[in-house]
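>>> A predicted structure for the sequence below; I have some questions about it.
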Amino acid sequence: MFLTIKKIKTQITRFSYLFCFIFFIDFFQILIKPSILFASENEGVEIDFGDIAETNIDNIKNKGLLYKKEVIEKVKEGRSLVYKMGKPMLVKNFFFEDYCQNIGEYSIIGTVPYPTWCNRNQGPFSIVRNPLSAIVIPITAELKKGFKLNLNDTLNNDKEANYVGVIRGHHHDPTDLTGPNFKYDQDMLLGLVNESQKRMMIWNISNVGIYRNSQKVNNKTLNSFYDLGIDLFNKKGELIGGVSFGEDKKNCSHHKNCLFDKIHLLEYRNTIHTPKLVSTKNWGYVTGNAYPMHTLIEDHGSMKKLFFSRNYYLLVDINLEELNQLGKVKHRVIPKR
C-alpha cells in the first residue's frame with residue numbers, strides 16, 4: 001500500500017511539472033496580444049514532432065548526445081525554428097497606427113522623456129533615409145510546436161531533470177542559479193525564456209557530461225550554425241538583391257547584389273517601447289543585445305537559454321523607384337555546415 005501511494009505521489013509530481021510547462025508556454029502565447037508589431041498567425045499550424053523515437057530517456061546510452069543533437073544543435077542549426085513574416089507597411093504610415101496613438105512619441109520614465117518607436121525624429125526609425133518609400137515588415141522567429149512538445153517529453157521522462165522554478169528576467173550569472181551539488185563538468189542548467197513577459201523557467205539536468213570546463217560564460221561559443229538570408233524580388237520574380245545575418249555579423253556572402261545599408265533587422269520587445277538604437281561595426285543598426293540577432297539560443301557553457309520566440313522589424317530602406325519595382329520580400333535559412 002505504501003509503495004502504491006508513493007508511486008501515485010511521484011506521478012502527481014511529474015504531472016504537475018508537465019502542467020506547469022504547458023501552462024508556461026500557453027500563458028505567454030495568450031498574453032502576447034497580436035498587433036501590427038507581430039507576424040501573422042494565419043499561415044496554419046506547422047507540425048514537426050522531430051526525430052526522438054524513445055520516450056524513456058533512461059534507455060539512451062549517451063544522454064549528453066541526446067541533449068546536444070536533439071535540443072541544442074537543432075536550435076543552433078535553425079531546424080527547430082520557424083520564421084513568420086507579417087504584412088508590410090510604409091514606415092510613414094506606421095506612425096499613424098493605433099500602437100503609436102496609444103504610446104505617443106515619448107515615454108516618461110521617472111521624469112525623463114525617452115523617444116519611442118513612434119518618434120520619427122529620435123526613435124529607431126530616425127535612421128530611415130527614404131521616409132516616403134521605406135517599408136517595415138514584422139518578423140517573428142519562434143520554436144516549432146513539435147520541438148516544444150518533444151522537449152517537454154524529454155525533460156519529464158528524464159529522472160535526472162529536475163524542475164527548479166520560474167524566475168523574473170533571464171540576465172543572471174549561472175553561478176548564482178546553481179546549488180552546492182551542481183557539477184560543472186557534468187550537469188546543465190536549461191533556461192526556457194519568454195522575454196516578452198520577462199520570465200525564465202529553469203531545469204537542472206544532472207549527468208549530461210558534454211560541457212567540459214564550462215563554469216564560466218564562454219563568449220566565443222557559437223549560437224548559430226546558419227545564416228538568415230533576406231532577398232528582394234521585382235514584380236517579374238527576378239532577384240534584386242539582399243543581405244544575410246550570420247553567426248557573427250551581417251554579411252553579403254550569399255548575395256551578388258548586396259543591400260547591406262538598405263536592410264536592417266531591429267529587435268522589438270513588446271514590454272520596451274523605448275529601445276536604444278545602436279550603430280555597430282558587425283551588425284549595422286540594432287535595437288537589442290542578442291547576438292546573433294536571429295537565433296533563439298544563448299550558450300553560456302553549463303547554462304543554455306532557449307527563447308520561445310523573438311520579434312523583429314525588418315526595415316527595407318529603398319527609394320521610390322526601387323519600391324515601384326519591388327514585388328516580394330522573402331527569407332531563407334542558409335545552413336553553414
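That came through fine.

>>> Count residues in the vicinity of the closest residue to residue 170 other than its chain neighbours, would you?
Distances taken as C-beta to C-beta, 6 or more residues apart in numbering put residue 200 closest to residue 170, at 4.3 Å, once the chain neighbours are dropped. To be clear about C-beta, it is placed using only N, CA and C from the backbone, and glycine gets the same treatment. Taking other C-beta atoms under 10 Å as the neighbour definition, residue 200 ends up with a count of 24.

>>> Likewise for residue 182?
By the criterion of other C-beta under 10 Å, residue 182 has 17 neighbours.

>>> and it, which of the three is it?
Under DSSP: H, G, I helix; E, B strand; the rest coil, residue 182 falls in the coil class.

>>> mind checking how far it is from residue 107?
For residue 182, the distance to residue 107 under the criterion C-beta to C-beta, to the nearest Å works out to 40 Å.

>>> Secondary structure class of the residue nearest to residue 170, three-state.
Applying three-state DSSP to residue 200 yields a three-state assignment of strand.

>>> Can you check the pLDDT for it?
Note for residue 200: predicted pLDDT of 93.

>>> Ok, residue 18 next?
Looking at residue 18, its pLDDT is 51.

>>> what's the answer for residue 170, then?
At residue 170 the predicted local confidence, pLDDT, stands at 81.

>>> neighbours around it, how many?
Here the number of neighbours of residue 170 (other C-beta under 10 Å) works out to 17.

>>> do residue 110 as well
Using other C-beta under 10 Å, the number of residues around residue 110 comes to 6.

>>> do the same with residue 174
With other C-beta under 10 Å as criterion, residue 174 counts 21.

>>> for the closest residue to it other than its chain neighbours, phi and psi?
Spatially, and ignoring its direct neighbours in sequence, residue 174 is nearest to residue 303 (3.9 Å; C-beta to C-beta, 6+ apart). Taking degrees, to the nearest 10, you get phi -120, psi 130 for the backbone angles of residue 303.

>>> Provide a list of residues in contact with residue 303.
Under the criterion of C-beta atoms under 8 Å, 6 or more residues apart in numbering, the contact partners of residue 303 comprise 174, 177, 188-191.

>>> again, 7 Å this time
Listed by C-beta atoms under 7 Å, 6 or more residues apart in numbering, the contact partners of residue 303 are 174, 189, 191.

>>> which one of those is nearest residue 263?
Distance ranking of the contacts of residue 303 against residue 263, using C-beta to C-beta, places residue 191 first at 31.0 Å.

>>> which SS class is residue 93?
Residue 93, by the three-state scheme (three-state DSSP), is helix.

>>> do you know how far it is from residue 120?
From residue 93 over to residue 120 (counting by C-beta to C-beta), the distance is 11 Å.

>>> Mind checking which of the two has more residues around it?
residue 120 (18 against 11).

>>> Now the nearest residue to that one once chain neighbours are set aside. Its backbone dihedrals?
The shortest distance from residue 120 to any residue that is not its chain neighbour, by C-beta to C-beta, 6+ apart, is 5.7 Å, and that residue is residue 95. When quoted as degrees, to the nearest 10, the phi and psi of residue 95 stand at phi -70, psi -10.

>>> if I read this right, residue 95 contacts residue 121, doesn't it?
No - look at residue 95 against residue 121 with C-beta atoms under 7 Å: they stay out of range, at 10.6 Å.

>>> Tell me which of the two has more neighbours.
Here residue 95 and residue 121 are set side by side on neighbour count (other C-beta under 10 Å), and the busier one is residue 95, at 17 against 8.

>>> Quickly note the distance from that one to residue 231.
When C-beta to C-beta is applied, the distance between residue 95 and residue 231 equals 27 Å.

>>> Ok, residue 267 next?
Distance check for residue 267 against residue 231: by C-beta to C-beta, it reads 21 Å.

>>> And residue 191, by the same measure?
33 Å.

>>> do the same with residue 171
Residue 171 is 34 Å from residue 231, by C-beta to C-beta.

>>> So for the two, which sits in the more crowded spot?
Set side by side, residue 171 and residue 231 show unequal neighbour counts under other C-beta under 10 Å, the larger going to residue 231 at 19 against 8.

>>> Bridge partners for the closest residue to residue 123 other than its chain neighbours, pull those for me.
Using C-beta to C-beta, 6+ apart and skipping the chain neighbours, the partner closest in space to residue 123 is residue 115 (4.6 Å). Per DSSP bridges, the residues bridged to residue 115 are residue 106.

>>> Residue 115: neighbour count?
For residue 115, the neighbour count with other C-beta under 10 Å is 20.

>>> pLDDT score assigned to it?
95.

>>> Over to the one 3 residues further on?
Listed pLDDT for residue 118 reads 96.

>>> In the chain, where is pLDDT below threshold?
1-61, 210-222, 290-291, 337 (pLDDT under 70).
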